[in-house]
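> need a 3D model of the following:
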Amino acid sequence: MAERDSRPLRPDGGIAWPPVPRPGDALVLGLLARLERTQWQDEHVVRRHQGRQLAQLAGHALATVPFYRRSAAELRAITDKGFSEERWRRLPILRREDAQAAGDAIHTTALPAGHGPVGEIFTSGSTGRPLRALRSRMWGNYWRAITMRDHLWQRRDLDAKLAVIRDSTTGKYLYPEGGVGPSWGNAEAALGGTGPAVSLNLNETLDHQVEWLVRQQPAYLLTLPSNAEALATHCRAAGVAIPSLRQVITIAEMLTPDARETVHDAWGVGISDIYSTREVGYLALQCPAGDGYHVQSEVTCVEVIDERGRPVKPGEVGRVIVTPLQNFAMPLLRYDVGDQAELGGPCSCGRKLPVLKRILGRTQRMIRLPSGERLFPLLSSGALRSLVASAPVKLFQLVQKSLDTLELRVVVERDLTEGERNRLRALLREKYHPSFRVEISVHDTIERTKGGKFLDFVSELPADTS
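As a prediction, this is how the structure comes out:
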C-alpha cells in the first residue's frame, strides 16, 4: 500500500484551475450545500432545528451577556426545559433603544471557540438611534452563504459586470470614474471568483449616474429602490437604454409596485429585492419564481405578530420581530426591526421557507439642494460613529426646514458644549453641502408619526419641491 501523504493540500500546490477552496471558502460552500437541502424541507422540520439553535443562543445569552439577566427566568426555562414556541414568546421584545441603552452589556463576555474574530459597525436604520453592533466571523460565514444562495436562486452570471450605486460616504466613488474592483466581493470568492464590480456614489446626480451606467454597461445594478425608480424614470423620459442590463437588485428600502413597473418599462428587466438590516443581516430573499419573499429561516428567526403579540395568519399584517441565529457576539433576542409585513401562504415554487407577501416601511425621502440636486440623507457607519463621538447623542432626527437650512434635533445624555455643536454642524455640512445653515435643537423626546413610526429624516419643503 502506498504511503499516505499527510501534508495539507495547498491551494497553490500546482492547481491553477478550478481552484482549490481556501479553508474559509470550503466552510461556506459546505453551508451552501446544506442550504440547498433545507429550503425544500417541511417548515415544521426547519422550525424544529431552528428551535434547537435558539435554545443554544438563549443559553449563551444567559451565561455570558449581562443585559439578559433581566430575562433570566424566561431564558432558563428554555435552556432547562427545552425550546417551545410558548416559552420563546415569553421573552420580552427587544427595542433598538433597549439595545442602544445597554451599550457593552449586550455584548458577550465570552465568545465560543471558532466564532471570532469580531467586527463592529454603526447603524441607525430609520430610527435615528445610533447603534454599535458587533458581528462575529461565524455570523459572516452564514451571511456569505445566503449571499451566494441569492445569486444561485436568481441564476446570475457571476462572470458578468456588477454596478453598485449604494454608498453615500463623502468623497467615495466619485464621478466620473467611480470605483473599480476585480470581483463582486468576498462572499462570492468561494464560488471561484466573479467578473468585475464598479461603484458610484449614491449622491451623484441622476445625469452623472446615467452617463456612468451607459459607459459601464453592467449586467446587474445594485442600488436602493427609490434610486432605481428615479434612474429608470430619467432614462425613460430621455430615451436612454442600457442594453447590457439583465436585472436590478434592490436593498435597504421598501420596494413599491410602481418602482418595479417603472424599471421594467424603462429597461425591460425585472427587480430582485433583498430584505435585510445591517445589525441583523438577511431576513428574506425574493423568490426566484415571483415577487414574494422567502424568510431565511436557517440564519434568522422571523416572527410576524399582532398588537397582542400573537403570530398573524397568512394575509394579515403584523410587526416584524427577528432573532439572528448565529451571531453570538451580540445576541439580539426577539429584536423589533421597526417594520411591518404581510404574511403569505405556501409558495408555488415548492420551497417550504415561510413567505412574506409584502414588506411595509423603510421609505426614504431625500434632501433637496438649491441647485435642484437631491441627496440621500443616509448616514454611513463611519458618520454615525462620528456623530456618537462628537456628542452624547442618544436619538436624532434631521429636518430640512428650507432649501438652505437643516435642523438637527437631538436627545442627549447631557447639555452640549459649543465645541460639540460646532463639530455636529461641520459633520452635516461635510456630509451634505457646505452652504447649509445647520440649527441644533435639544429635546427631551422626539415625536413619532400618527402611525407610531419614527423618522430619522423629515422634509418640511412643499410636496412639489421635495
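
> helix, strand, or coil at Val302?
What DSSP: H, G, I helix; E, B strand; the rest coil gives for Val302 is strand.

> does it have beta-bridge partners, and which?
Beta-bridge partners for Val302, by DSSP bridges, are Val322.

> next, count neighbours for it.
Neighbourhood size, Val302 [other CB atoms under 10 Å]: 22. To be clear about C-beta, it is placed using only N, CA and C from the backbone, and glycine gets the same treatment.

> now do the same contact list for it.
283-284, 295, 320-322, 354, 356 (CB atoms under 8 Å, 6 or more residues apart in numbering).

> return the member of those nearest to Gly338.
Nearest to Gly338 among the contacts of Val302, counting by CB to CB, is Val320 at 8.0 Å.

> isn't that closest one right next to Leu283, touching?
Yes - Val320 is within contact range of Leu283, at 7.4 Å (criterion: CB atoms under 8 Å).

> joint contacts of these two?
With CB under 8 Å, 6+ apart as the test, Val320 and Leu283 both reach 302, 337.

> out of the contacts of Val302, which is most surrounded?
Most neighbours among these, by other CB under 10 Å: Val295, with 27 neighbours.

> Ala73: what secondary structure?
helix.

> what's the weakest-modelled helix or strand in the protein?
Within the chain, confidence by mean pLDDT, DSSP states H and E is lowest for helix 381-390 among all helices and strands, at a mean of 69.

> can you name the next helix or strand after that one?
strand 393-402 (DSSP states H and E).

> so after that following strand, what's the next helix or strand?
Immediately after strand 393-402, counting by DSSP H and E, sits strand 405-412.

> touching that next one from outside, list them.
367, 391-401, 416, 424, 428, 432, 436-446.

> so how do I select the buried members of these in PyMOL?
Remark: buried members of the contacts of strand 405-412, expressed as a PyMOL selection using 16 or more other CB atoms under 10 Å:
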select buried, resi 367+391+393+394+395+396+397+398+399+400+416+424+428+432+436+438+440+446
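
> before we move on, the earlier item: now the contacts of Val302 in CSV, with secondary structure?
Supplementary listing: the contacts of Val302 in CSV, determined by three-state DSSP:
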residue, secondary structure
Leu283, strand
Ala284, strand
Val295, strand
Val320, strand
Ile321, strand
Val322, strand
Pro354, coil
Leu356, strand
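
> which among those residues gets closest to Arg90?
Once CB to CB is applied, the member of these that ends up nearest Arg90 is Ile321, at 13.3 Å.

> circling back to that earlier point, distance from the least confident helix or strand of the chain to the middle of the chain?
From the chain centre to the centre of helix 381-390 is a distance of 18 Å (CA atoms, centre = their mean, to the nearest Å).

> which neighbouring elements make contact with it?
Applying 3 or more CB pairs under 8 Å, 6 or more residues apart in numbering; DSSP states H and E, one finds that helix 381-390 makes contact with strand 118-123, helix 418-431.

> adding mean pLDDT and distance to Gln100, write these out as TSV.
Shown next, in TSV, are the helices and strands packed on helix 381-390 (pLDDT from 0 to 100; distance: least, CB to CB, whole Å):
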stretch	mean pLDDT	distance to Gln100
strand 118-123	88	11
helix 418-431	89	18
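
> could you dump these to JSON lines with distance to Pro112?
Shown next, in JSON lines, are these (distance: least, CB to CB, whole Å):
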{"stretch": "strand 118-123", "distance to Pro112": "12"}
{"stretch": "helix 418-431", "distance to Pro112": "38"}
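
> so which strand or helix has Ile274?
strand 270-277.

> and the helices and strands packed on helix 381-390: which comes nearest Leu54?
That would be strand 118-123 among these, by CB to CB, at 21.1 Å.

> indicate each strand paired with the helix or strand following that closest one and its parallel or antiparallel sense.
Following strand 118-123 in sequence order, the next helix or strand is strand 131-136 (DSSP H and E). When sheet partners are counted by DSSP bridges, strand 131-136 sits next to strand 118-123 (antiparallel).

> from Glu177, how far out is the nearest residue to Glu188 once chain neighbours are set aside?
Closest residue to Glu188 apart from its sequence neighbours, by CB to CB, 6 or more residues apart in numbering: Thr194 at 4.7 Å. Separation of Thr194 from Glu177 (CB to CB, to the nearest Å) stands at 20 Å.

> quick one: which of the two has more around it?
Counted by other CB under 10 Å, Thr194 and Glu177 do not tie: Thr194 has more neighbours, with 22 against 11.

> is it true that the more buried one touches Leu158?
Yes - counting by CB under 8 Å, Thr194 does reach Leu158; the two are 4.4 Å apart.

> Ala341 sits in which helix or strand?
Ala341 belongs to strand 335-343 when assigned by DSSP H and E.

> circling back: what packs against the strand holding Ile274?
Here strand 270-277 touches helix 225-238, strand 247-251, helix 257-267, strand 281-286, going by 3+ CB pairs under 8 Å, 6+ apart.

> quickly list what the spatially most central residue of the chain is bridged to.
Nearest to the mean C-alpha position of the chain, by CA atoms, centre = their mean, lies Thr277 at 2.8 Å. Here Thr277 sits in beta bridges with Gly281, as judged by DSSP bridges.

> how close does it sit to Pro311?
Here Thr277 is placed at a distance of 21 Å from Pro311 (CB to CB).

> what's the answer for Asp98, then?
Asp98 sits 22 Å away from Pro311, going by CB to CB.

> how about Val20?
46 Å.

> what does Ala113 give?
35 Å.

> please apply the same query to Glu342.
Distance from Glu342 to Pro311, by CB to CB: 13 Å.

> what of Ala160?
41 Å.

> Leu57 now?
20 Å.

> wait, isn't Leu221 in contact with Val214?
No - assessed by CB under 8 Å, Leu221 is found out of contact with Val214, at 11.9 Å.

> between those two, which is the more surrounded one?
Leu221 (27 against 14).

> circling back: with neighbour numbers in mind, choose between Leu57 and Pro311.
Leu57 (22 against 14).

> what about the more buried one, which helix or strand?
Assigned by DSSP H and E, Leu57 falls in helix 43-64.

> need the residues that contact that helix.
So helix 43-64 is contacted by 38, 68, 72, 75-76, 78-79, 82-84, 88, 108-110, 112, 297-298, 301, 323, 325-326, 328, 331, 333, 352-354 (CB under 8 Å, 6+ apart).

> of those, just the buried ones, ChimeraX syntax please.
With 16+ other CB under 10 Å as the criterion, this ChimeraX line picks the buried residues out of the contacts of helix 43-64:
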select :38,68,75,78,79,83,88,108,297,298,301,323,325,326,328,331,333,352,353,354
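
> from the contacts of helix 43-64, which land in helices?
Among these, the ones falling in helices (DSSP state H) are 38, 72, 75-76, 78-79, 88.

> biggest separation within those residues, which pair?
Thr38 and Ala72 (31.9 Å).

> CA atoms of stretch 187-207 as PDB?
The C-alpha coordinates for stretch 187-207 follow below in PDB (Å, rounded to 0.1, in the frame of the first residue of the first chain):
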ATOM      1  CA  ALA A 187     -18.900  36.400  -0.400                       C
ATOM      2  CA  GLU A 188     -18.600  35.400  -4.000                       C
ATOM      3  CA  ALA A 189     -15.000  34.300  -3.800                       C
ATOM      4  CA  ALA A 190     -16.000  30.800  -2.600                       C
ATOM      5  CA  LEU A 191     -17.700  30.200  -5.900                       C
ATOM      6  CA  GLY A 192     -14.400  30.700  -7.700                       C
ATOM      7  CA  GLY A 193     -14.400  34.400  -8.300                       C
ATOM      8  CA  THR A 194     -16.500  36.700 -10.400                       C
ATOM      9  CA  GLY A 195     -16.400  39.400 -13.000                       C
ATOM     10  CA  PRO A 196     -15.600  43.000 -12.100                       C
ATOM     11  CA  ALA A 197     -17.600  45.300  -9.900                       C
ATOM     12  CA  VAL A 198     -17.800  49.000 -10.400                       C
ATOM     13  CA  SER A 199     -19.200  51.500  -7.900                       C
ATOM     14  CA  LEU A 200     -20.500  55.100  -7.900                       C
ATOM     15  CA  ASN A 201     -21.500  57.400  -5.000                       C
ATOM     16  CA  LEU A 202     -25.300  57.300  -4.400                       C
ATOM     17  CA  ASN A 203     -25.400  61.100  -4.100                       C
ATOM     18  CA  GLU A 204     -24.100  61.700  -7.600                       C
ATOM     19  CA  THR A 205     -26.700  63.500  -9.800                       C
ATOM     20  CA  LEU A 206     -29.000  61.400 -12.000                       C
ATOM     21  CA  ASP A 207     -27.300  62.800 -15.100                       C
END
